[in-house]
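Chemist: This is a predicted model, with the sequence first.
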Amino acid sequence: MSADHHDDTRRLETLAELDVLDTPRERAFDRLTALCRKIFDVPMSTLTFVDGHRQWFKAAEGMADHEGDRRPAFCNYAIQELEPLIVTDTHRDPRFADNVLVHGRPFIRFYAGAQLRIAGVNVGTLCALDTKPRSFSLHDVAILKDLAAIAIDELMLRNLSMRDSLTGALSRRAFRSEGERLRALAERHGHKLTCALLDIDHFKSVNDQYGHAVGDLVLSKVVEACRAVLRESDVIGRLGGEEFGIILPHASLGEAMAVLEKMRSAVAGLVIETSCGPLRVTASFGAVDFTPGLPFDAMLERADLAMYSAKTNGRNQVVAWLELSPSIAPTLRRVFKAGQIAFNAGRSTFDCTVRALSETAAALDVIATVDLPEQFKLAIASDGFSRACRMTARSDKRIEVAFV
């Protein structure tokens with residue numbers, strides 16, 4: 001990337017506006033990658049977005065993974081270009097001959113990626129991939145660019161939608177907007193407010209074993225069961241594939257835990273009739289109540305950590321985030337910046353995406369937390385920022401840190 005990280009900063013700002021990362025599958029984008037695969041007769045096609053530390057697939061055909069490290073990603077190279085990146089044989093291209101994605105899964109020999117350019121910046125690509133070298137004509141390039149233009153149109157249209165078309169829950173964008181509004185009201189008037197996250201347990205195995213049609217039915221039935229417990233004033237939104245957010249206005253943590261336990265029981269009691277026979281599922285919940293000065297994004301972060309605790313401690317349970325030392329929380333503002341974690345005297349580095357920041361703390365997204373030490377240095381190149389950090393909480397792909 002450029003030395004001043006100008007494109008990185010603008011790309012992340014645009015992605016934040018789109019609010020597309022980690023959103024559920026959508027049929028319009030699935031159809032685009034399927035069409036791309038058929039038109040070019042390739043085994044793989046993805047609609048890819050690149051944030052600070054990873055490439056993430058909004059839609060993918062023929063790919064086992066849904067995301068990966070940004071550094072070796074072909075799409076990371078493509079977003080730095082103005083015209084589509086075409087690599088007819090990776091073994092003969094010095095940029096990619098030693099790439100881990102060439103000599104390891106998915107064994108890329110051919111790559112064609114057209115940029116998704118929005119607001120003057122490349123946020124991702126629509127690409128076709130093959131495990132063998134092949135030619136790609138100017139006519140093929142023109143078709144790929146047209147398909148990318150359709151993807152851009154769909155991205156802009158989705159921002160107008162307030163509801164998830166499958167479950168009827170609020171869209172992620174609408175849920176976060178409503179959450180900010182309700183948090184501001186709670187702050188202003190001293191109301192109680194509790195936020196929770198729900199994640200369906202082992203949902204991937206449902207899709208793998210029964211297919212996506214059954215998976216979609218499960219999602220609809222789970223939301224239906226939850227709505228039967230919630231009040232009219234409560235809010236439920238779909239945040240990820242099988243992850244839902246819940247907002248309970250005028251409810252203390254204790255009151256909310258009772259409601260969430262009823263929801264957990266309702267989900268566990270579902271018997272979903274499918275063509276493969278009856279199916280049962282469970283869900284894990286994480287809850288957090290509002291503390292003065294705590295932004296809504298920080299509430300979601302803490303609910304996510306509580307939910308992760310429910311997952312790691314057996315699933316099918318409700319866990320609350322509890323402060324060890326209750327205090328006025330530092331005001332973490334929502335940001336979306338490319339960062340880098342460094343340790344071992346700078347010899348080991350990891351890319352990260354900074355999602356929240358204050359004078360004393362930050363929340364970071366990473367590919368995985370397993371190899372990260374408890375203390376390290378965080379740098380944000382676009383801000384000329386560098387601080388020593390101590391990890392205060394972690395889930396599988398997200399960490400919270402305090403500056404030391």
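Modeler: Alright, I've got the coordinates.
Chemist: From here on, just use CA atoms for contacts and neighbour counts.
Modeler: Fine.
Chemist: Show me this protein divided up by domain.
Modeler: 6-158, 172-320, 333-403 (automatic domain parsing).
Chemist: Take those and write them to a markdown table, including mean pLDDT and mean neighbour count.
Modeler: Shown next, in a markdown table, are the domains of the chain (pLDDT from 0 to 100; neighbours: other C-alpha atoms under 10 Å):
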| stretch | mean pLDDT | mean neighbour count |
| --- | --- | --- |
| domain 6-158 | 95 | 19 |
| domain 172-320 | 94 | 19 |
| domain 333-403 | 92 | 18 |
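Chemist: Would you mind giving the ones you listed as a markdown table with distance to residue 166 added?
Modeler: Output for the domains of the chain, formatted as a markdown table (distance: least, C-alpha to C-alpha, whole Å):
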| stretch | distance to residue 166 |
| --- | --- |
| domain 6-158 | 9 |
| domain 172-320 | 7 |
| domain 333-403 | 27 |
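Chemist: among those, which is nearest residue 164?
Modeler: Across the domains of the chain, residue 164 has its closest neighbour in domain 172-320 (6.8 Å, C-alpha to C-alpha).
Chemist: Centre of the chain to the closest one, how far?
Modeler: Centre-to-centre, domain 172-320 and its host chain are 16 Å apart (C-alpha atoms, centre = their mean, to the nearest Å).
Chemist: show me where the stretch 151-300 of the chain has strands.
Modeler: In chain order, the stretch 151-300 of the chain shows strands spanning 193-200, 235-238, 243-249, 272-274, 277-279, 283-289, with DSSP state E, counting those that start in this stretch as the criterion.
Chemist: Indicate which one of these is closest to residue 155.
Modeler: Checking these against residue 155 by C-alpha to C-alpha gives strand 235-238 as the closest, at 17.2 Å.
Chemist: who touches the closest one?
Modeler: 24, 164, 169-172, 174-175, 227, 244-248 (C-alpha atoms under 8 Å, 6 or more residues apart in numbering).
Chemist: can we see that at 10 Å?
Modeler: 23-24, 162-164, 166-176, 178-179, 195-198, 219, 223, 226-227, 230, 243-249 (C-alpha atoms under 10 Å, 6 or more residues apart in numbering).
Chemist: mind checking how far residue 205 is from residue 115?
Modeler: Applying C-alpha to C-alpha, to the nearest Å, the value for residue 205 to residue 115 is 33 Å.
Chemist: typo on my end, it should be residue 161
Modeler: 24 Å.
Chemist: Next: residue 22.
Modeler: Between residue 22 and residue 115 the distance is 19 Å, computed by C-alpha to C-alpha.
Chemist: Repeat that for residue 167.
Modeler: Counting by C-alpha to C-alpha - residue 167 and residue 115 are separated by 31 Å.
Chemist: just residue 169 next, same as before
Modeler: 31 Å.
Chemist: what does residue 30 give?
Modeler: To residue 115, residue 30 is 17 Å away according to C-alpha to C-alpha.
Chemist: again with residue 61
Modeler: Residue 61 sits 18 Å away from residue 115 when distances are taken as C-alpha to C-alpha.
Chemist: ok, now residue 305?
Modeler: 35 Å.
Chemist: OK, contacts around residue 306?
Modeler: 196-197, 284-288, 300, 312, 318-322, 395.
Chemist: Let me know the closest of those residues to residue 360.
Modeler: Set against residue 360, the nearest of those by C-alpha to C-alpha is residue 300 (18.9 Å).
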